[in-house]
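Novice: Mind folding the following:
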Amino acid sequence: MTSRRSDTEPRADLIQESAQPLTGPASLDPLLERIGDARYVLLGEASHGSADYYRWRAVLTRRLIEEKGFSFVAVEGDWPDCQAVHSSVTAAPGAPEDPLDVLMEFGRWPTWMWANTNVLRFARWLREYNTVLPQGSSRVGFFGLDVYSLWESLDAVIGYLDEHAPAEPAGALEAYRCFEPYAGDPRSYAHATRFVPSGCEREVLALLVRLRQFTEDAEAADGGFAQFTARQNAEVLAGAERYYRAMVGGGPESWNIRDHHMADTLDRLMEHHGPDAKAVVWAHNTHVGDARATDMPAAGVVSLGQIVRERHATEGVVLVGFGSYDGTVIAAGHWGAPPSMMRVPPARTDSVEELLHRALPGGAGLFVFPEGVHQGVPAGHSPDWFDEERDHRAIGVVYRPDAEKRGNYVPTVLGERYDAFVFLDRSQALAPLHGAPLGTGEEETWPTGM
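Specialist: Here you go, the predicted structure:
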């Protein structure tokens with residue numbers, strides 16, 4: 001990030017002129033035009049607990065599916081849980097007809113990230129949309145990109161081998177026995193690697209290599225989704241093992257393992273869906289935004305949005321950030337605690353959110369930045385307010401409003417971090433479908449809660 005700041009305060013009237021008022025689906029037309037034929041659209045959120053971000057992401061995603069033929073939605077969620085949602089929304093044989101039945105089974109804290117009324121409404125719409133389409137690849141899927149589900153994915157791999165390759169379970173059982181002493185507790189496993197740094201790495205990699213070979217052969221034979229998802233569970237298992245092992249050392253490695261895993265999963269999904277596939281991603285701004293437009297590189301941290309831009313710029317990548325000035329949010333005071341509705345105080349003075357609040361008090365606006373800004377100032381473009389570095393708020397699942405003066409902000413050049421930005425002056429807390437259970441020993445696995 002090139003730090004720069006004008007000595008002249010941006011004029012509120014010029015910011016107002018560049019904002020597209022958000023009044024409904026049609027007001028997103030400028031963003032749809034900017035997206036054009038892009039194959040990757042990543043939609044962020046400034047918190048995991050604000051209904052307005054989910055609602056506008058769903059509105060935009062519906063238009064992308066209906067008008068531009070997007071193939072699937074990939075979210076910052078666990079593969080096994082989201083696979084169950086996928087089965088429901090694509091009306092797979094034997095899957096629950098109402099996605100509510102699946103979302104109520106989400107048990108990993110923080111459950112409210114996906115088990116909430118906004119996701120339920122979108123999932124029900126997606127199932128209704130899909131059921132008029134032929135069964136198969138033409139139906140729009142719902143997938144998880146994240147890396148946490150070590151034990152769930154291991155169980156899924158063993159179940160797949162038992163059913164499809166009963167002569168192959170030895171490697172899976174060896175991996176299972178290696179993890180068995182930790183009783184499903186990733187923290188116990190992570191701390192054990194202080195004394196045995198390699199942990200279960202050898203067993204997991206051996207299983208992954210074998211399963212890759214077996215499922216690639218099987219998928220080539222019939223293109224089956226069962227083979228693809230079995231391989232993905234093995235990839236999650238390997239990624240999770242690396243993640244938890246890296247976690248105990250601190251530093252950026254565990255974060256980077258996670259975002260690279262999400263990017264690799266997205267690539268596998270695109271390959272599975274074919275050369276015309278298009279993906280919508282839902283994740284936190286800290287993952288969706290390009291890390292190079294923040295202070296994250298100074299800490300050795302990358303982001304999903306950065307990786308997707310670096311890998312797929314020629315195929316079209318559009319990153320959309322979200323933010324608000326104040327409101328309410330669902331979050332917890334510490335990892336594993338029950339969630340509650342918290343008031344989000346007015347944004348820090350001179351932040352992105354405070355600047356836009358002064359320009360659009362009580363309103364909501366869409367900003368679509370000139371193409372090429374993130375690659376340097378394009379020809380004919382004069383530096384503007386979104387070319388300047390300002391603090392940009394980020395709220396995780398763990399949130400302490402009284403710590404706003406010390407944290408919760410990322411120095412950002414907005415027009416480089418995103419291609420477009422949705423500003424909501426006030427955002428409201430989402431409604432969880434059920435109360436979140438207490439933590440499962442993962443207090444240290446997601447230290448920023450994003």
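Novice: Output stretch 405-422 as PDB, restricted to C-alpha atoms.
Specialist: Extracted in PDB, the C-alpha atoms of stretch 405-422 (Å, rounded to 0.1, in the frame of the first residue of the first chain):
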ATOM      1  CA  LYS A 405     -10.300   3.500  20.000                       C
ATOM      2  CA  ARG A 406      -7.500   0.900  20.100                       C
ATOM      3  CA  GLY A 407      -8.500  -1.500  17.400                       C
ATOM      4  CA  ASN A 408     -11.200  -2.700  15.000                       C
ATOM      5  CA  TYR A 409      -9.800  -0.600  12.100                       C
ATOM      6  CA  VAL A 410      -7.600  -1.400   9.200                       C
ATOM      7  CA  PRO A 411      -5.700   1.400   7.300                       C
ATOM      8  CA  THR A 412      -7.000   1.200   3.800                       C
ATOM      9  CA  VAL A 413      -6.900   2.800   0.400                       C
ATOM     10  CA  LEU A 414     -10.500   2.000  -0.400                       C
ATOM     11  CA  GLY A 415     -10.300   2.300  -4.200                       C
ATOM     12  CA  GLU A 416      -7.400  -0.200  -4.300                       C
ATOM     13  CA  ARG A 417      -8.800  -2.600  -1.800                       C
ATOM     14  CA  TYR A 418     -12.100  -2.900  -3.600                       C
ATOM     15  CA  ASP A 419     -13.600  -2.300  -7.000                       C
ATOM     16  CA  ALA A 420     -16.900  -1.100  -5.500                       C
ATOM     17  CA  PHE A 421     -18.100  -0.200  -2.000                       C
ATOM     18  CA  VAL A 422     -21.500  -0.400  -0.400                       C
END
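Novice: Buried residues, that stretch. List them.
Specialist: 408-422 (16 or more other C-beta atoms under 10 Å). C-betas here are computed from N, CA, C, even on glycine.
Novice: What is the nearest of those residues to residue 371?
Specialist: Residue 371 lies nearest to residue 419 out of the buried residues of stretch 405-422, by C-beta to C-beta, at 7.7 Å.
Novice: phi, psi of that closest one?
Specialist: phi -90, psi -20 (degrees, to the nearest 10).
Novice: Residue 309 is in contact with that one, correct?
Specialist: No - contact between residue 419 and residue 309 fails when scored by C-beta atoms under 8 Å: they sit 9.6 Å apart.
Novice: And the strands in the stretch 351-450 of the chain?
Specialist: Assigned by DSSP state E, counting those that start in this stretch, the stretch 351-450 of the chain shows strands spanning 364-368, 389-393, 409-413, 420-427.
Novice: could I get those strands as JSON lines with distance to residue 350?
Specialist: Converted to JSON lines, the strands of the stretch 351-450 of the chain look like this (distance: least, C-beta to C-beta, whole Å):
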{"stretch": "strand 364-368", "distance to residue 350": "18"}
{"stretch": "strand 389-393", "distance to residue 350": "7"}
{"stretch": "strand 409-413", "distance to residue 350": "10"}
{"stretch": "strand 420-427", "distance to residue 350": "16"}
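Novice: For those, give me TSV that also has mean pLDDT and distance to residue 117.
Specialist: TSV is the format used below for the strands of the stretch 351-450 of the chain (pLDDT from 0 to 100; distance: least, C-beta to C-beta, whole Å):
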stretch	mean pLDDT	distance to residue 117
strand 364-368	97	20
strand 389-393	96	24
strand 409-413	96	29
strand 420-427	97	15
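Novice: Out of those, the one nearest residue 276 is which?
Specialist: strand 420-427 (23.8 Å).
Novice: can you pull out the strands in this protein?
Specialist: 20-21, 40-43, 72-75, 141-144, 279-282, 317-331, 340-344, 364-368, 389-393, 409-413, 420-427 (DSSP state E).
Novice: want to throw those into a markdown table with distance to residue 172?
Specialist: As requested, the strands of the chain are exported to a markdown table (distance: least, C-beta to C-beta, whole Å):
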| stretch | distance to residue 172 |
| --- | --- |
| strand 20-21 | 52 |
| strand 40-43 | 34 |
| strand 72-75 | 26 |
| strand 141-144 | 21 |
| strand 279-282 | 30 |
| strand 317-331 | 37 |
| strand 340-344 | 41 |
| strand 364-368 | 48 |
| strand 389-393 | 44 |
| strand 409-413 | 41 |
| strand 420-427 | 44 |
